[in-house]
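Chemist: here is my input; please provide its structure:
(one chain, ligands or ions: 1)
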Amino acid sequence: MNGMFSLAGRNAFITGGTSGIGKAVAEAFVAHGARVVIADITDGSEVADAMGTTFVRADVSDDDSVATALQQAVDALGSKLDIVVLNAGVGDVGPTFEQTDQALIEKVTKINHWGVLYGLKHAPGFMNDGGAIISTSSMAAFINVPGAGVYSAGKRAVVSMTEMAALELGPRGIRVNTVCPGYTATALGSGEEGEKLCEAFTALGRVATVEDMAGVYVFLASPASAYMTGQALKVDGGWDCGPTSRLLEMVTGSGEAPG
Ligand SMILES: NC(=O)c1ccc[n+]([C@@H]2O[C@H](COP(=O)([O-])OP(=O)(O)OC[C@H]3O[C@@H](n4cnc5c(N)ncnc54)[C@H](O)[C@@H]3O)[C@@H](O)[C@H]2O)c1
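Modeler: Modelled structure (predicted):
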């Protein structure tokens with residue numbers, strides 16, 4: 001059983017690694033023995049130094065920038081990648097589809113949807129066989145919260161691309177999975193409103209921490225998940241199990257099913 005979660009000797013590349021979930025994943029990967037490069041549109045040099053990782057600049061919404069960052073990561077590490085985490089994203093939500101402006105549609109789609117697509121397009125060429133690709137989708141891929149239509153669509157696309165890439169890369173032993181976090185306390189997260197929603201809607205009754213997420217990425221990157229590919233893992237505190245007693249009580253005055 002020893003070593004089941006070990007990432008010793010593995011080279012990892014993480015987009016959106018400067019903050020939030022990506023940074024926590026980078027820290028967890030280092031703790032499990034990986035050599036890590038973080039890529040972000042925001043300067044993460046100091047963050048990278050503090051974690052004992054390397055920073056490269058990347059805009060995931062730009063095809064060439066993704067390829068260049070992957071090449072820089074391989075150059076910095078001196079060998080190919082074993083683990084690629086396509087995590088960078090933005091949380092902008094609009095009102096209804098009818099009222100959503102073009103700038104928001106393009107920004108969210110280019111970063112959250114195309115950004116993962118560019119990663120899946122370029123990363124395999126920089127990877128060893130037998131590696132793992134993990135993206136960050138969202139609970140929003142499965143739970144529709146009104147007003148988050150463009151965001152939800154992009155995150156659902158990530159689930160679709162995960163299944164397709166798993167088929168394409170299976171012959172090389174590269175596993176492709178995606179994590180679907182619920183509301184998580186980060187810069188992108190939804191603050192007090194998110195906390196209130198999680199209290200009512202999640203079985204666990206609380207918002208997630210970045211540490212709640214990091215272990216799932218370690219699992220998906222490690223030999224512990226060796227036979228798992230093409231999967232979307234919901235890490236949402238049980239939001240999608242159904243209404244909680246707390247929620248039922250708010251609506252009907254009783255915490256149990258009516259009838
Ligand atoms: N926080 C939540 O509640 C939550 C819930 C579900 C899914 N997610 C997803 O988790 C992922 C990480 O978000 P987070 O919550 O850690 O937020 P965060 O804002 O802390 O981190 C996002 C990172 O992505 C980077 N980034 C943004 N646009 C980029 C671009 N074009 N190119 C490269 N890097 C870019 C940012 O600079 C930042 O470092 C996102 O994909 C997000 O959609 C977050």
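
Chemist: residues from the stretch 51-200 of the chain in reach of the ligand?
Modeler: Residues of the stretch 51-200 of the chain found near the ligand (CB under 6 Å from any ligand atom) are 58-61, 87-91, 111, 136, 138-139, 181, 183-184, 186-189. C-beta here means a position set from N, CA and C on the backbone, and glycine is covered the same way.

Chemist: out of the residues you listed, which are inside strands?
Modeler: Thr136, Pro181 (DSSP state E).

Chemist: name only those of the residues of the stretch 51-200 of the chain next to the ligand that count as buried.
Modeler: 58-61, 87-91, 111, 136, 138-139, 181, 183-184, 186, 189 (16 or more other CB atoms under 10 Å).

Chemist: what residues sit buried inside the lengthiest helix in the chain?
Modeler: Longest helix in the chain by number of residues (criterion: DSSP state H): helix 149-169. Buried positions in helix 149-169, judged by neighbour count with 16+ other CB under 10 Å: 149-159, 161-163, 165-166, 169.

Chemist: for the closest residue to Leu233 other than its chain neighbours, what are its contacts?
Modeler: Computed as CB to CB, 6 or more residues apart in numbering, the closest residue to Leu233 that is not its neighbour in sequence is Val179, at 5.4 Å. The neighbours of Val179, taking CB atoms under 8 Å, 6 or more residues apart in numbering as the test, are Ile134, Ser135, Thr136, Ser137, Met213, Val216, Tyr217, Leu220, Ala232, Leu233, Val235.

Chemist: how about Leu220?
Modeler: Contacts for Leu220 were tallied using CB under 8 Å, 6+ apart; they are Ala132, Ile134, Arg175, Asn177, Val179, Met228, Leu233.

Chemist: so it, which state does it fall into?
Modeler: Assigned by DSSP: H, G, I helix; E, B strand; the rest coil, the conformation of Leu220 is helix.

Chemist: ok, now the one 10 residues further on?
Modeler: Reducing the assignment to helix, strand or coil with three-state DSSP, the entry for Gly230 is coil.

Chemist: and it, how far from Leu220?
Modeler: As judged by CB to CB, to the nearest Å, Gly230 and Leu220 stand 12 Å apart.

Chemist: shared neighbours of these two, which are they?
Modeler: With contacts taken as CB under 8 Å, 6+ apart, Gly230 and Leu220 have Asn177 as neighbours in common.

Chemist: need the helices for the stretch 1-150 of the chain, in chain order.
Modeler: Applying DSSP state H, counting those that start in this stretch to the stretch 1-150 of the chain gives helices spanning 20-31, 45-51, 63-77, 102-108, 115-122, 149-169.

Chemist: isn't Asn201 up against Ser245?
Modeler: Not quite, residue 201 is Phe, not Asn. No: Phe201 is beyond contact range of Ser245, at 11.6 Å (criterion: CB atoms under 8 Å).

Chemist: neighbour count winner among those two?
Modeler: Between Phe201 and Ser245, counted using other CB atoms under 10 Å, the more crowded position is Phe201 (24 against 12).

Chemist: which one is Gly115 nearest to, not counting chain neighbours?
Modeler: Counting by CB to CB, 6+ apart, Gly115 lies nearest to Val60, which is 3.4 Å off, once chain neighbours are set aside.

Chemist: kind regards, and thank you for your time.
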